[in-house]
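sequence first, then the predicted structure:
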Amino acid sequence: MADNGGGAAAAGVVLGIIMAAQLGNWGSDNPDSDVSVGRDRTESSGIDDGAPSDGSSGIPGVGLDVPGVIRTTGRDGTTVALTFSSGPDPRNTPQTLDILADRGVDATFCVIGAAAQEHPELVGRIAAEGHTLCNQTASADFGLYGQDDATIRLEISGGTASIQAAAPNAPVPFFRAPGGNFSAELVDAAEDAGQASLGWNVDPRDWETLDAAAIRDAVVDNVQPGSIVILHDGVDDMNQTVDALPGIIDDLQAAGYTFVIPAS
């Protein structure tokens, strides 16, 4: 049997270079950087704030409408799935978990590998409290869809490795493309890694408004049986989603909805 140690080492070096380049922007106040303060504020619009509302990105072959991207729970009954992106964040993630625990709701957390390395205890808590983990790549490069196959696969494997280092026994059944910028290549690479591509069909654009009531209304008014909702626990220095979350859960439960994890 061939010795693969050299190949693994080389892959690790390449991944380190990729992450170093991306993390050079971590904490930047440039809204156009791939990873910045509020690192996924433009996620829900695909490529930019003017992207079409049907889930496409405005770029052919890129967006939520790519074949293979999950956009409904895939479960019978009056179900809805809550998903959280861009975390974990030391302020928002613990508060989000407290609210979910208080109301007995399971959710899916899409985790950035670099953030998992910064806050492994939060990834461990997400898993320990029964929530599902989703890989949002190693460094949250919004332009990953346009990279070569080797870079795509290193970003996916690097994100998974960081999550599993923080929560060794937790499965990671889902993948979410940074910015919602799915492509056929990303879907195929995620599938090869054993991860289903997880999109959404209800987007309150919680990164765009400070108004918690508006976020709550945008979710509650647009949810239908089978909806997947995207929210953010990793938008730095913004607490509006946490403030909106109790009302979202209470209103949907009062309307007869059951919170589920999407079928993968």
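Right, received. Where do you want to start?

any low-confidence regions in the stretch 151-264 of the chain?
237 (pLDDT under 70).

strands of that one, start to end?
Secondary structure of the stretch 151-264 of the chain (DSSP state E, counting those that start in this stretch): strands located at 174-175, 196-197, 227-232, 258-259.

would you list those in TSV and tack on mean neighbour count and distance to Leu133?
Just so you know, the C-beta spots here come from the backbone N, C-alpha and C atoms, and that holds for glycine as well. TSV is the format used below for the strands of the stretch 151-264 of the chain (neighbours: other Cβ atoms under 10 Å; distance: least, Cβ to Cβ, whole Å):
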stretch	mean neighbour count	distance to Leu133
strand 174-175	25	8
strand 196-197	22	13
strand 227-232	25	16
strand 258-259	17	17
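
of those strands, which approaches Leu122 most closely?
Evaluated with Cβ to Cβ, the strands of the stretch 151-264 of the chain place strand 227-232 nearest to Leu122, the distance being 14.5 Å.

burial of the residue nearest to Ala116 when sequence neighbours are not counted, as a residue count?
Take Ala116 and drop its neighbours on the chain: the residue closest to it by Cβ to Cβ, 6 or more residues apart in numbering is Ser162, 4.3 Å away. Counted with other Cβ atoms under 10 Å, residues neighbouring Ser162 total 24.

one step back: out of the strands of the stretch 151-264 of the chain, which is closest to Arg205?
Arg205 lies closest, by Cβ to Cβ, to one member of the strands of the stretch 151-264 of the chain: strand 227-232, at 9.2 Å.

buried stuff in stretch 73-80?
Buried residues in stretch 73-80, counted by 16 or more other Cβ atoms under 10 Å: 73, 75, 79-80.

show me what that stretch is in contact with.
Applying Cβ atoms under 8 Å, 6 or more residues apart in numbering, the contact partners of stretch 73-80 are 81, 223, 225-229, 252, 255-260, 262-263.
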